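J.: When you get a sec, could you give me coordinates for this:
(2 chains)
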Amino acid sequence: MNATAVITAEEPAIDADRALAELYAGHYSRLVRLGVLLLRDQALAEDVVQDAFVAVHQRWRRIDQGNAPAYLARTVVNRSCSALRHRGVVARHRPEALPDGVPADHEVLAAESRDRVLDALADLPTRQREVLVLRYYLDYSEREIAQALGISQGAVKSHASRGAATLRQTLAEETP
Amino acid sequence: MSDQDDLKKLFAEATADIRPQGTYDDIRTRTEKVDPMARRWFLPTIAAAAMTALVIGGAFWITQDRNDPSAGPANTPSTTERAVPVYFVGDAAQGDRLFREFQKQQVCAGAECLLEAAATTAVSGTPEDGDYRNPWPAGTGIASASYDGDVLTIDLTGDELDELAPGLSGSDGSLAVEQLIYSAQAGLGQGRVPVQLLVNGARTTTVLGVPTNEPLAAAEELDVLAPVQISTPSDGQVFPAGDVKVTGVAAVFEANVLWELLVGGDAVVKSGFSTAAECCKHAPYEFILEDLEPGTYTLVVHDEDMSGLGNPVNQDTREIVVE
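T.: Residues are numbered from 1 along each chain as shown, chains lettered A, B, ... in the order given. Model prediction:
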């Protein structure tokens, strides 16, 4: 995890409630966005992230507290994978686009661009998507990604390069 | 623009206008209630539907892979609802361990039907208990699972099994393989027979980093199974008011299994202990929750911290609904 970690290993153990408050303040929004990149579904991403916070609160005494933000991120990645598995079985179709409300013109353009990126990500194999999002959205190092996903740094490199190549190609093809 | 910056910028832009909903109070509300309450509002919307689909998907798969061309869905051998034993990964005091679930699925009647269902659910199914997870890469499947009286052979399908092989450093990959071995052996019901894994019809050097040139023996139960597990009831099971029987397996000091029944998160309404049939190896235990009134309960079954230092204990939990 990078330097934005709210709780560091040097601090004394704190109780689960306070930890939850600090983790929420420091990481909730970012993790929901991470979930949207992984799931292409904001409501589901919020469910998954809130679930991860509840799990951390429940297991607070049993987890490595100094690495709680990394634990949270890993939980979100794992639960997103499970949620996709559910959804893949329930219906093999792409979820509805994110709600746009009543947008202004520049917001429409932004939403189109966003949907293109999310669509292209959704078409990647799960592992490539996870590696790319951890690398380029959470700024994880290859070593941190390897630890979070339980794979080697060599596999991280391979997934990252393949995923990035496919993503760039997909987006280039679609650009008018 | 550098190779890396363009993707950073893309992801930042793609998420810039997302306004996350959900407040700290929402999460607090959930942690203050029973922990599985957290799962209740997440699971019914997704998992309940998924379980239905899983059963359908499983039945479809079984008919699809029959060699007999006449065995289409219209004249499939009749299926019945059977309890499919399957292991998933969950947290124990020592780290990740395997927990067993019995999932109700429509399965054909033959001996190998349960084996196929167990193996398929192990690599592509979803645990009913939200505390557990499936460690296999998404997209993994089972082409066939069979037993020749000597070796149990499982033919896996999937693109990421070889690819990940050099990547998985030890424990995660080997626990996933153990999870499949234990599930398949449970489905077959012939004890701890050797298991040969194939990928896309052929022997491979490794599966998820585990050498698979030869049939594998299951690891020792004490090394891979969670020390305290609840077998029944299943998570979220609904009962009429009255007595509820709890069964499970435990490998605990002096065979003592402790339990509490909670309501509203932390209020203990009943507690007690039971004794497993044997000490220090996985042995069955059971006890009765007597005279339950309507409500939603959390059952926690755990071992004792003998150190007195507040060390983590091994536990398994279930939500029980009494109507």
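
J.: where does chain A have low pLDDT?
T.: A:1-13, A:85-111, A:174-176 (pLDDT under 70).

J.: Check which residues of the strand or helix carrying A:Arg135 are buried.
T.: Per DSSP states H and E, A:Arg135 falls inside helix A:126-136. For helix A:126-136, the neighbour count (16 or more other C-beta atoms under 10 Å in any protein chain shown) marks A:Thr126, A:Arg127, A:Gln128, A:Arg129, A:Glu130, A:Val131, A:Leu132, A:Val133, A:Leu134, A:Arg135, A:Tyr136 as buried. For every residue, glycine as well, the C-beta is placed using N, CA and C.

J.: need the contact list for the third one.
T.: Read it as A:Gln128. A:His159, A:Ala160, A:Arg162, A:Gly163, A:Thr166 (C-beta atoms under 8 Å, 6 or more residues apart in numbering or on different chains).

J.: what do you get if the cut-off is 7 Å, keeping everything else the same?
T.: A:His159, A:Arg162, A:Gly163 (C-beta atoms under 7 Å, 6 or more residues apart in numbering or on different chains).

J.: again with the first one
T.: Contacts for A:Thr126 were tallied using C-beta under 7 Å, 6+ apart; they are A:Cys81, A:Leu84, B:Pro137, B:Ala138.

J.: Give me the next element, helix or strand, following the helix holding A:Arg135.
T.: That would be, after helix A:126-136 and using DSSP H and E, helix A:142-149.

J.: Compute the inter-axis angle for that following helix and helix A:126-136.
T.: 130 degrees (axes from the mean of the first three to the mean of the last three C-alpha atoms, to 10 degrees).

J.: Name the residue of chain A that lies nearest to chain B.
T.: For chain A, the residue closest to chain B is A:Ala155, as judged by C-beta to the nearest C-beta, at 2.8 Å.

J.: name the element that residue belongs to?
T.: helix A:153-174.

J.: Repeat that for B:Glu304.
T.: With DSSP H and E as the test, B:Glu304 turns up in no helix or strand.

J.: buried sites along stretch B:98-112?
T.: Applying 16+ other C-beta under 10 Å to stretch B:98-112 flags B:Leu98, B:Phe99, B:Arg100, B:Glu101, B:Gln103, B:Gln105, B:Gln106, B:Val107, B:Cys108, B:Glu112 as buried.

J.: now the last one: how far from B:Leu197?
T.: Counting by C-beta to C-beta, to the nearest Å, the gap between B:Glu112 and B:Leu197 amounts to 17 Å.

J.: ditto for the third one
T.: Taken as C-beta to C-beta, the spacing of B:Arg100 relative to B:Leu197 amounts to 20 Å.

J.: swap in the fourth one?
T.: Separation of B:Glu101 from B:Leu197 (C-beta to C-beta) stands at 22 Å.

J.: How about the fifth one?
T.: Distance of B:Gln103 to B:Leu197, given as C-beta to C-beta: 22 Å.

J.: One more: the first one?
T.: When C-beta to C-beta is the yardstick, B:Leu98 and B:Leu197 sit 17 Å from each other.

J.: what's the farthest-apart pair in the contacts of A:Thr126?
T.: A:Leu84 and B:Pro137 (11.7 Å; C-beta to C-beta).

J.: If we ignore the residues flanking it in sequence, what's nearest B:Leu98?
T.: For B:Leu98, ignoring the flanking residues on the chain, the nearest one in space by C-beta to C-beta, 6 or more residues apart in numbering or on different chains is B:Tyr87 at 4.3 Å.

J.: what's the helix or strand hosting the one you found in contact with?
T.: Using DSSP H and E, B:Tyr87 falls within strand B:79-92. The set of residues external to strand B:79-92 that reach it, using C-beta under 7 Å, 6+ apart, is A:59, A:62, B:59, B:96-109, B:114, B:117-118, B:121-122, B:125, B:127, B:131-135, B:175, B:179, B:182-183, B:186-187, B:226-227, B:314.

J.: pLDDT of it, averaged?
T.: Strand B:79-92 shows an average pLDDT of 88 in the prediction.

J.: Chain A: helices as residue ranges?
T.: Remark: helices assigned in chain A by DSSP state H are A:16-39, A:42-58, A:68-90, A:105-122, A:126-136, A:142-149, A:153-174.

J.: and the angle from the fifth one to helix A:16-39?
T.: For helix A:126-136 and helix A:16-39, the angle between their directions (the same axes, to 10 degrees) works out to 120 degrees.
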